[in-house]
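what would the 3D arrangement of this be:
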Amino acid sequence: MAELKAQGIFNNVVLMTESDFGRTLTSNGGGSDHGWAGNHLILGGSIRGGNIFNEYPESLVEGNAQDAGRGRLIPKYPWESIMAPIAEWMGLERSRKAAVFPNIGNFNVSHIVSLDSLFVA
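As a prediction, the model looks like this:
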């Protein structure tokens, strides 16, 4: 962060964690297995920091409404919920969003984080 600020580009950079899998909430006897849902971090000079976008599961108890079995949580929000506003911030035209994110039309628009919610003006 110090280097990005020293170069005067901190407000033009977004860093985000990404993974194609989460972790199970229960043990397989030697640790946790691959799961489905997960939490990720986003940071950058233009990010509205200190916010939680979307929401944490209501329960982490095995057998809860989002549990697909063995503590594998079914994601409540699509990956597009955070990728779409980042792509828009990077210059993606809204009219092209469906071409870049072909699944986005399968989700309730309220599950997609808005550009203005994620980034400061």
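
mind listing the helices in the chain by residue range?
According to DSSP state H, the chain carries its helices in the segments 2-6, 80-89, 97-100, 115-118.

need the winner for burial among the ones you listed.
Greatest average neighbour count among the helices of the chain goes to helix 80-89 (a mean of 19), per mean count of other C-beta atoms under 10 Å. Every residue, glycine included, has its C-beta placed from N, CA and C.

report all helices and strands that that helix contacts.
Using 3 or more C-beta pairs under 8 Å, 6 or more residues apart in numbering; DSSP states H and E as the contact test, the elements touching helix 80-89 are strand 14-16, helix 97-100, helix 115-118.

go through this structure and flag its longest strand.
Taking DSSP state E as the criterion, the chain has its longest strand at strand 23-27.

state the mean pLDDT of it.
On average, the pLDDT along strand 23-27 is 85.

what's it in contact with?
Applying C-beta atoms under 8 Å, 6 or more residues apart in numbering, the contact partners of strand 23-27 are Ser32, Asp33, His34, Gly35, Gly38, Leu60, Glu62, Asp67, Arg70, Gly71, Arg72, Leu73.
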